[in-house]
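Asks: model this:
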Amino acid sequence: MARWSAFGILPAVCVAAMVSGQGALATEAAEGRLSIELNRVSAAKGACRASFVFTNKMNVAVEALSIETVLFNKEGSVERFLVLKSRPLSPKKIRVQQYDIRGLKCEALGRVLLNDVKSCKVGTLTPEACLDRIEPSSRAGVPFISTMAASN
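Replies: Have a look, this model is predicted:
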């Protein structure tokens, strides 16, 4: 009959607790959403300033996020690609960030496409899983859509 020492069973219990804790974090992240709203576009010294509202509806922090967007003009042609990097965002928090897009007139902007997630540090999510969690929207008069919405 084998005897368990406190030193033998304690590490096993700690490992089990850590694994189950990581599973809980992954579940929380997988169940949550990250809302990104194009809130406003306005002219700003040779640039179009785009204001985005990031709302973390997840129970884990967004430590880092870089999204690739495609800007289309009113005729539907690609104007340019633009990578937006967000600052860290605590769980259940909202942050507004502004990006100046040099050489672009806001009135020429037709729509913005969320093309891809370049990097994602959100719990245990991969960039692909991050993309699935993002809910783009707009109240700026310029549609902000995802690759999912574009294919429908």
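Asks: What's the local residue count around the residue nearest to residue 53 when sequence neighbours are not counted?
Replies: Sequence neighbours aside, residue 37 is the residue nearest to residue 53 in space, at 4.3 Å (criterion: C-beta to C-beta, 6 or more residues apart in numbering). Any C-beta I mention is one placed from the backbone N, CA and C, and that applies to glycine too. By the criterion of other C-beta atoms under 10 Å, residue 37 has 19 neighbours.
Asks: Residue 75 versus residue 37, what's the distance?
Replies: 25 Å (C-beta to C-beta, to the nearest Å).
Asks: Helices along this structure, start to end?
Replies: For the chain, the helices defined by DSSP state H occupy 6-31, 127-133, 147-151.
Asks: so the residue nearest to residue 53 makes contact with residue 134?
Replies: No. With contact defined as C-beta atoms under 8 Å, residue 37 does not reach residue 134; the gap is 10.9 Å.
Asks: what's the least confident stretch among the helices of the chain?
Replies: Among the helices of the chain, helix 6-31 carries the lowest mean pLDDT, a mean of 44.
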